[in-house]
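1. this one's structure only:
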């Protein structure tokens, strides 16, 4: 099955991001995040939760060498502890031969090397490459002769390998390894890690064969999309087929996880198979359920499957799931996962703001999913969501200085409540230096470093611009390479320019997304002679472009007041501010405490103010006229209602992704609105006038 | 220390409740709840969680008899299971010699017998008394020669007695036993159970003596107030002193519970000593913390202590804690306990409606605490809270048919969310037939059956009327007995009449509370010749009353729209309806689904409609003009805000305590208000007019 509109991702070497918004973000990752992560891999950051990632690889490499000396039959001594110890008191005093940390600590390396690869691909960095090579040597030294490469079981007994697919993240670690290996090979041409990943993939393929092999599948998805990627990189069809096998087995009865664990469900028990999206065969899944990151990774793999195998039922399932996620279960920030219990989806329109989970990784996963949907069919609806998640729910995961991270991204915070309210125990009002379970920071880093692969894709003699980034792109066309340079003022200004640097000998199509947030208010200054059509939210311009020819877009960047669907209880009567792709929020730093006493009124006017954080991030503050109720309502807890005293008040909104970079304080995205309900037949009811005609005292009968 | 205004509780035999509101409630307990509870004690209710209460007493009685035959040295065989099994598959197939259920199942009996006693005291009931006597015989047969009486340790090994005060509820079971024993003795004159309770109390007194005894104190409070009650009933000062000892030891360092358990905290770990209110010496406690029921029981015991020992620091602590509970941590229904985690208090003004715990028992406990504060000083502030909790948070615990019960009393419910949202897993949209941990139903029953002891107390030649109940009261006066008859229309009508049936030879004072909810709008038609003064919310009338003389009160029963203190985030912008002592709510049964789309407007008028449930409960419905927003906001999740379409809509409110007696559906107490903020200097701002002067499109700059 083909949509006829499939598009491809550019290699990072074929693009260059030079953008006033994204270049600083990428530099932050290059200069701060990558070195910082490297130190955490080595447990060299005082005060941060230790990773043990390098420690474990070192121990495994030593053991592997010993085994090689002793011959294949060597097994670890019985005294080797089985199971894992998350936090020994001090990494320095840890047993050098023992595994520490979560079962998935190996993936810390893989995510780091993937981000490092993206950095190197776009700008040579010999020092970074040397550090990566050194780590790759270590990782490969831990690999077993049969290709097995997971330090948890290498150190705790290889006989246990693949025995706990539900909880032990072995195939998850493999997936990240494959992603990192492909990226590093594409960036540097060095194939050592790629060969290691392929050998591990070969072992997994053999182990999980249909006839007589293990019939399991990953408890935490990612191997699916990683295997499709490995297939695309190497052309080895077995990897594609293995990915497809993993997808096909999911949800089959009897449940594989029952064979592993009996009826004991994974915590939390209510989610059971849903937690792993293993409750139904994937093609029958219609609702997003369970652990949100796992779901996003699975759906991304399913979209890859649809594209690479032409599986029509798979494609239908992807579209259904997409609709459920983005139409019923997504925060306005693009975050997903409404509850901490299982870090999971709950049910349609359940989007609590102050107890949201909205994990950074889940927003990253939604970007993955969206790009893969876009690759199947270029529809602005996908790109709108991708942009929403990227600029809001993803970027909010990192501090302005690149050294602190959010795992959970709430839409409303009272700092005092986080410490005291058990429902909010997972919510932090400040980004943290690192996590024992450090999935989010490196996930964010690898996405930011490869953002160009999300901004553009290409089809037959066509360049799709999904996001608005400045830079240079080289697209393979039927006659050779087309190079275009772009400039973008987003997200601060609404200008986006595409310039062709050489003459095109044939017609070439430029397809630029018209963002939902401009509500069709845009102008385009392009050669009038281009063939021109609109489809699915993209403006297509086709002609034989001449060198130096530019197409200038200008999108309306007015402040937009957004309401949630009326089915969202938690946002009833509330509105939020947005501008361009950015969702805004109120912070105590700008507005004082008691944000719940502020009222927004979308009719009272707003203005824009240029601002900058000390760390350098420039942003546009929205100043809107609103109302502040006075706090005093007598001293007692319950009193007869009287009209609250109030004052006009300038509400100062800051982009959501920049919150929590100043002093700790309250934050909220959704603000109670001054509602002006319109009675039936569009006749505006003046309730105040009605009230004046019935000047009853409260309570009088 | 004495306030000089202490008052006493009437014996139930000295009063008779004959009240259109309370008599049916009491009949419900008599006819339905008590027989139903009796069957649950015997595990005879199909489908209800088994109690094992009688099972355990039977097993213990057999073992006690065996021990008596074998002499004192008999110990249970080693194979006797230690620990408890909550739910064997079927009570019928349970091991007859084994303990089942929670450690505190004995208290099911004690609470039942207490409620039965109250029923018998007010109206002879030979059948009920026979059943009670039979159970009392069984319970007493289980008592050990040394007075010990707790089936958990009798069956699991007496050497473990008093070894886990923190978690094993032994002293809690003793407390309930003592309360039930006193009540039964006062109702029937039979002292078998009282003697058993005293023997157990004597053993505890000896075991917990200061010099060389166990230095512990109850993990779940109640023994304190029970011992004060036992002291008041028997005059035995050792019981008073033991209660005081328990109070005094609480919070001393080193913590006794550390000696029992080391540093292992009770779950949930954040609460540690706070959970048991053992974090500070009681006189230094200023904030209500921890498990809400335990807190209420402790504070009730502290108030008893202040009254019975004249401990001034204790009294100060009581007043401080009272202020914290009722001024910062109490729902508008009188419920307390904001979180399911530890069934506990959280922090000031944290009063979430949809995840409230607000256990029925905690509201019962608040009534206990309030009555004891009233006994120290007759202030309407105490009685207002007592009434609020009793008519709302307590009564909501029982269904209209008396057969189903709420443990948790939320102020906002979406039934679908309860099943799907882990934050609301503890919330039920329907009352349940019984609970394995069945504290609430019998607690409610014993309170309802003794409500007369909360309506009236007496001081020196003074009758205090705290609540408005119809009936007859005999008050001991210096010259003999004064009998008054009362009539009350509350909570449906605002009339309350007190009639003296005999001439008073001397001046006698009638002190009637003026309820906060009438806002001083009341009339009193009394002998003009009475000495008359107001103090602390009570109207005092003093004269030599003549036979037949009546005093008629009429309180304003207008609908009152209530707002919470502006510090309560969860109620910001919301109001609730109330009338007289009753808090009202909206139910889907009357208003359709999507209650979050309704808007209340306290200026648009309301009317009252008489209604009746099929089970017989009459109530006054409040019909108020409000607004209903239309649900459609396009199909998408986030859209530009437009003025919602709406219609005028009749909001139908039902008393909160009657909710969930019809088809399952949504409910909410707090409703979004149409706000009309008043700008500084009381100048009413017409925001709509301002908006018209600035007719901006949304988002335009």
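-> Happy to help now that I have it. Please read these numbers as outputs of a predicted model, since none were measured by experiment.
2. Check the offset of stretch A:396-403 from the chain's centre.
-> Relative to its chain's centre, stretch A:396-403 lies at 15 Å (Cα atoms, centre = their mean, to the nearest Å).
3. What is the end-to-end distance of that stretch?
-> 13 Å (Cα to Cα, to the nearest Å).
4. what about the residue nearest the centre of chain A, helix or strand, and which?
-> Nearest to the geometric centre of chain A sits residue A:364, at 0.9 Å (Cα atoms, centre = their mean). Using DSSP states H and E, residue A:364 sits within helix A:360-376.
5. same for that helix, what does it pack against?
-> strand A:8-9, helix A:292-309, helix A:312-328, helix A:380-388, helix A:440-449, helix A:452-455, strand A:456-459 (3 or more Cβ pairs under 8 Å, 6 or more residues apart in numbering or on different chains; DSSP states H and E). All C-beta atoms are positioned from the backbone trio N, CA, C, and that covers glycine.
6. mean confidence score for the helix or strand just after the fourth one?
-> In other words, helix A:380-388. Counting by DSSP H and E, the next helix or strand C-terminal to helix A:380-388 is strand A:412-413. Computed over strand A:412-413, the mean pLDDT rounds to 96.
7. near chain B, anything from strand A:412-413?
-> No - Strand A:412-413 lies apart from chain B when judged by Cβ under 8 Å from any Cβ of the partner chain; the minimum separation is 9.0 Å.
8. Following that strand in sequence, what is the next regular element?
-> Criterion used, DSSP H and E; the element after strand A:412-413 is helix A:415-420.
9. Just the buried residues of that next one, please?
-> A:415, A:417, A:418, A:420 (16 or more other Cβ atoms under 10 Å in any protein chain shown).
10. in the stretch 101-250 of chain A, which spans are helices?
-> A:106-122, A:126-141, A:151-156, A:170-188, A:192-207, A:223-234, A:237-249 (DSSP state H, counting those that start in this stretch).
11. got these as a markdown table, with distance to chain B, mean neighbour count and mean pLDDT columns?
-> A markdown table is the format used below for the helices of the stretch 101-250 of chain A (distance: least, Cβ to the nearest Cβ, whole Å; neighbours: other Cβ atoms under 10 Å in any protein chain shown; pLDDT from 0 to 100):
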| stretch | distance to chain B | mean neighbour count | mean pLDDT |
| --- | --- | --- | --- |
| helix A:106-122 | 27 | 27 | 96 |
| helix A:126-141 | 38 | 16 | 98 |
| helix A:151-156 | 28 | 24 | 95 |
| helix A:170-188 | 24 | 26 | 97 |
| helix A:192-207 | 34 | 21 | 98 |
| helix A:223-234 | 25 | 25 | 98 |
| helix A:237-249 | 27 | 21 | 98 |
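12. want to throw these into a markdown table with distance to residue A:500?
-> Rendered in a markdown table, the data for the helices of the stretch 101-250 of chain A read as follows (distance: least, Cβ to Cβ, whole Å):
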| stretch | distance to residue A:500 |
| --- | --- |
| helix A:106-122 | 22 |
| helix A:126-141 | 33 |
| helix A:151-156 | 50 |
| helix A:170-188 | 26 |
| helix A:192-207 | 35 |
| helix A:223-234 | 29 |
| helix A:237-249 | 36 |
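13. Which of these sits closest to residue A:592?
-> helix A:106-122 (38.8 Å; Cβ to Cβ).
14. Does anything pack onto the closest one? Which helices or strands?
-> Partner elements for helix A:106-122 (3+ Cβ pairs under 8 Å, 6+ apart): strand A:15-17, helix A:34-41, helix A:53-70, helix A:126-141, helix A:170-188, helix A:440-449.
15. correct me, but residue A:382 touches residue A:373?
-> Yes - the pair residue A:382 / residue A:373 is scored as a contact, 4.4 Å apart, by Cβ atoms under 8 Å.
16. Now do the phi/psi pair for the closest residue to residue A:556 other than its chain neighbours.
-> Among residues not flanking residue A:556 along the chain, residue A:521 sits closest, at 3.5 Å (Cβ to Cβ, 6 or more residues apart in numbering or on different chains). Per-residue torsions, residue A:521: phi -90, psi 90 (degrees, to the nearest 10).
17. try residue A:562
-> Dihedral angles (degrees, to the nearest 10) for residue A:562: phi -110, psi 140.
18. so it bridges to which residues?
-> residue A:576, residue B:640 (DSSP bridges).
19. hang on, isn't it packed against residue B:642?
-> No - contact criterion Cβ under 8 Å: residue A:562 and residue B:642 do not qualify, at 10.8 Å.
20. Of these two, which one has the most company?
-> Neighbours were tallied for residue A:562 and for residue B:642 using other Cβ atoms under 10 Å in any protein chain shown; the higher tally belongs to residue A:562 (24 against 14).
21. which residues sit in contact with that one?
-> A:332, A:575, A:576, A:577, A:578, A:583, B:638, B:639, B:640, B:641 (Cβ atoms under 8 Å, 6 or more residues apart in numbering or on different chains).
22. which one of the buried residues of helix A:415-420 sits closest to chain B?
-> residue A:420 (4.5 Å; Cβ to the nearest Cβ).
23. Not counting sequence-adjacent ones, nearest residue to that closest one?
-> That would be residue B:347: by Cβ to Cβ, 6+ apart, it lies 4.5 Å from residue A:420.
24. What is the burial count for that neighbour?
-> The burial count for residue B:347: 16, using other Cβ under 10 Å.
25. next one: residue A:649
-> 17.
26. Surely it forms part of a strand?
-> Yes - counting by DSSP: H, G, I helix; E, B strand; the rest coil, residue A:649 is part of a strand.
27. Verify the stated contact: it with residue A:629.
-> No - applying Cβ under 8 Å as the test, residue A:649 and residue A:629 come out as separate, 9.3 Å apart.
28. Tell me the residues that contact both of those two, please.
-> Joint contacts of residue A:649 and residue A:629 (Cβ under 8 Å, 6+ apart) are residue A:598.
29. returning to what we had before: would you turn the helices and strands packed on helix A:106-122 into CSV with distance to residue B:430?
-> Formatted as CSV, those follow (distance: least, Cβ to Cβ, whole Å):
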stretch, distance to residue B:430
strand A:15-17, 57
helix A:34-41, 50
helix A:53-70, 50
helix A:126-141, 56
helix A:170-188, 41
helix A:440-449, 40
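30. circling back: quick one: the residue nearest to the centre of chain A and residue B:659, what's the gap?
-> Distance, residue A:364 to residue B:659, using Cβ to Cβ, to the nearest Å: 43 Å.
31. what's the answer for residue A:483, then?
-> Distance from residue A:483 to residue B:659, by Cβ to Cβ: 69 Å.
32. of those two, who's got more company?
-> Between residue A:483 and residue B:659, residue B:659 has the larger neighbour count (other Cβ under 10 Å), namely 25 against 15.
33. in the stretch 201-350 of chain A, what residue is nearest chain B?
-> For the stretch 201-350 of chain A, Cβ to the nearest Cβ, closest residue to chain B: residue A:341, 3.4 Å.
34. tell me the SS of that residue?
-> Going by three-state DSSP: residue A:341 is coil.
35. residues from the stretch 401-550 of chain A in reach of chain B?
-> A:414, A:416, A:417, A:420, A:421, A:422, A:423, A:425, A:519.
36. Between those, which sits nearest chain B?
-> Closest to chain B, out of all of these and judged by Cβ to the nearest Cβ, is residue A:422, at 3.5 Å.
37. That closest one touches residue B:345, doesn't it?
-> No - at 11.4 Å, residue A:422 does not count as touching residue B:345 under the criterion of Cβ under 8 Å.
38. Quick check: neighbours shared by these two?
-> residue B:339.
39. Now do the strands in the stretch 401-550 of chain A.
-> A:412-413, A:456-459, A:462-465, A:471-477, A:480-488, A:495-500, A:508-513, A:522-525, A:531-535, A:538-543, A:550-555 (DSSP state E, counting those that start in this stretch).
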